[in-house]
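Peer 1: Need coordinates for the following:
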Amino acid sequence: MKFRRFIKESLRSAPAWLLSGLLHAGLLALAGMVTWVVLQPKILDRLLMLAPPVAGVSESGRDDAGGSGGGGGGRASAARGGPEAAGAHAAETVVAAAAPAPLKLMEALSAPTAGTGSDQAMFGVRDASGLLTAAALGGMKGTGGGGGGTPGGGFGPGILEGTSPGFGRHIGELRGVGLDLVLVLDATDSMTPFIEQAKVRLQSVLSVVTGLVPNARVGIVAYKDYGDDYGPDATKSIPLTTDHQAIRKFLDEITAGGGGDIPEPIHEAIGAATSAKRMGWNPRRKHVIILVGDSPNHASGRKTLYTLAAAFTHDGGVINVIDTGGTGAPSVVRTALQPDLQRLAKDGGGEAFLLKDVDAFWRHLITSVFGQRYEQDINVIIEKFTKKE
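Peer 2: Coordinates of the predicted model:
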């Protein structure tokens, strides 16, 4: 009673400003308590958002598949569980973020599948010189089946495994700049077995070439003699393309015939093959011509032939030659290269060799694309391919 009387007397004698201050302080304390109770979950949520996310859980507290995060990991569950649940969730989040998921070394080192955009994305990690190493190419994944302009020939990882480092660097260069390849084909009667084999093995050739160089383009020039069915310049052609079906259709329409005398207008065919307008050569790509034939050039066009070859190699192109004269009837088999064909390869900055086995024609054709010096490497690739056929 004495205490109550003391309080009452003190309040009666206290100044008005003191009473007002005490009242406002009480109200502010009450408002602060209400604010803390209402805002506490949101404050915790903001703190949680600042922590690195747990792998597989989005910011909304749901996993990547769209379901609720398990084990009280979501924001909603933290709010429902009060301070203890929210604090536990925050601790789990920080611990999980501090322990990165283990990397799969082989996936990290292997080159991505071709067709993802840039050269580096398509072809792996480049070395200091800007060229792909044989090791990086060895991990290259195949790009699928061949036809219809789709690169690749069903090769799996390690397409260059077992080949030489020099061949790996060569393929790296071709993949970097691109490859334009034109096949120049003698379509006279003596070439019948090779034309028919080319029709049968065309897809094999294209699959191996585009398996090694996925962005390769191919064109064809066929030639006969003057007076045959190919018009005034004795040639017909299809420009450079990645459309395998168009190439197959063109080749299927070639019927060997004509060429009654021995010389042929090879200079007309090389003129068509080296023409940027007619074939659509890309100046930034590597240019390769492969001539398959067995006859000399007409004497009147011999100088033109060599001039065209020299001009082509001067611009960075290469002309390789397959002389099929070593596979004819026993009475006409040659044991040495035809001089005009040998000179064509020399002036064209390439190589020429005499074919002695009809059945090996398609293999030699692939070898000629990349150079005879890589014959052993190409044989390794072809053996892999034939096992998958």
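
Peer 1: from here on, contacts and neighbour counts on C-alpha atoms
Peer 2: Will do.

Peer 1: Which of the residues in stretch 349-363 are classified as buried?
Peer 2: Neighbour counts over stretch 349-363 (16 or more other Cα atoms under 10 Å) mark Gly349, Gly350, Glu351, Ala352, Phe353, Leu354, Leu355, Lys356, Phe361, Trp362, Arg363 as buried.

Peer 1: Make a markdown table from those residues and add pLDDT to it.
Peer 2: Output for these, formatted as a markdown table (pLDDT from 0 to 100):
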| residue | pLDDT |
| --- | --- |
| Gly349 | 97 |
| Gly350 | 96 |
| Glu351 | 96 |
| Ala352 | 95 |
| Phe353 | 93 |
| Leu354 | 95 |
| Leu355 | 94 |
| Lys356 | 92 |
| Phe361 | 94 |
| Trp362 | 94 |
| Arg363 | 94 |
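
Peer 1: ok, those residues vs Gly257, which is closest?
Peer 2: The closest of those to Gly257 turns out to be Phe361 (Cα to Cα; 19.6 Å).

Peer 1: so how far is Leu160 from the closest one?
Peer 2: Phe361 sits 22 Å away from Leu160, going by Cα to Cα, to the nearest Å.

Peer 1: rewinding a little: in helices, which of the buried residues of stretch 349-363 appear?
Peer 2: Among the buried residues of stretch 349-363, the ones falling in helices (DSSP state H) are Phe361, Trp362, Arg363.

Peer 1: who does the helix or strand hosting Arg169 touch, helix- and strand-wise?
Peer 2: In this structure, Arg169 sits in helix 165-177 according to DSSP states H and E. When contacts are defined as 3 or more Cα pairs under 8 Å, 6 or more residues apart in numbering; DSSP states H and E, helix 165-177 packs onto helix 134-138.

Peer 1: So which bits of stretch 364-380 are buried?
Peer 2: So for stretch 364-380, counting by 16+ other Cα under 10 Å, buried means 364-372, 374-375, 377-379.

Peer 1: I should have written stretch 197-212 there, sorry.
Peer 2: 198-199, 202-212.

Peer 1: for stretch 287-301, same thing?
Peer 2: His287, Val288, Ile289, Ile290, Leu291, Val292, Gly293, Asp294, Ser295, Pro296, Asn297, His298.

Peer 1: From the opening residue of it to its closing one, how far?
Peer 2: Stretch 287-301 end-to-end distance (Cα to Cα) = 23 Å.

Peer 1: now do stretch 236-250
Peer 2: 10 Å.

Peer 1: Give me the contacts around it.
Peer 2: With contacts defined as Cα atoms under 8 Å, 6 or more residues apart in numbering, stretch 236-250 is touched by 147-150, 180-182, 199, 202-203, 206, 215-223, 230, 272, 278-281.

Peer 1: Any regions of this structure where pLDDT drops low?
Peer 2: Flagging of the chain using pLDDT under 70 yields the residue ranges 1-24, 26-27, 30-157, 259-260, 389.

Peer 1: rewinding a little: out of the ones in helices among the buried residues of stretch 349-363, who's nearest His267?
Peer 2: Nearest to His267 among those is Phe361, at 23.3 Å by Cα to Cα.

Peer 1: got a list of what that closest one touches?
Peer 2: Phe361 neighbours (Cα under 8 Å, 6+ apart): Phe194, Gln197, Leu355.

Peer 1: my read: the first one touches Ala360, true?
Peer 2: Same thing as Phe194. No: using Cα atoms under 8 Å, Phe194 is not in contact with Ala360, being 10.1 Å away.

Peer 1: Need the contacts of Phe361 in JSON lines (columns: distance to Leu240).
Peer 2: Converted to JSON lines, those look like this (distance: Cα to Cα, whole Å):
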{"residue": "Phe194", "distance to Leu240": "21"}
{"residue": "Gln197", "distance to Leu240": "21"}
{"residue": "Leu355", "distance to Leu240": "26"}
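
Peer 1: Which among the contacts of stretch 236-250 count as buried?
Peer 2: With burial judged by 16+ other Cα under 10 Å, the buried subset of those is 147, 149-150, 180-182, 199, 202-203, 206, 215-223, 272, 279-281.

Peer 1: In strands, which of the residues you listed fall?
Peer 2: When DSSP state E is applied, the buried ones among the contacts of stretch 236-250 are split such that Asp180, Leu181, Val182, Arg217, Val218, Gly219, Ile220, Val221, Ala222, Tyr223 fall in strands.

Peer 1: Next, the contact list for the third one, please.
Peer 2: With contact taken as Cα under 8 Å, 6+ apart, Val182 is in contact with Val218, Gly219, Ile220, Val221, Leu240, Ala273, Val288, Ile289, Ile290.

Peer 1: That one pairs with what?
Peer 2: Val182 has the following beta-bridge partners by DSSP bridges: Gly219, Ile289.

Peer 1: what are the ranges of the strands in the stretch 251-389 of the chain?
Peer 2: Listed in chain order, the strands of the stretch 251-389 of the chain (DSSP state E, counting those that start in this stretch) span 286-293, 318-323, 352-354.
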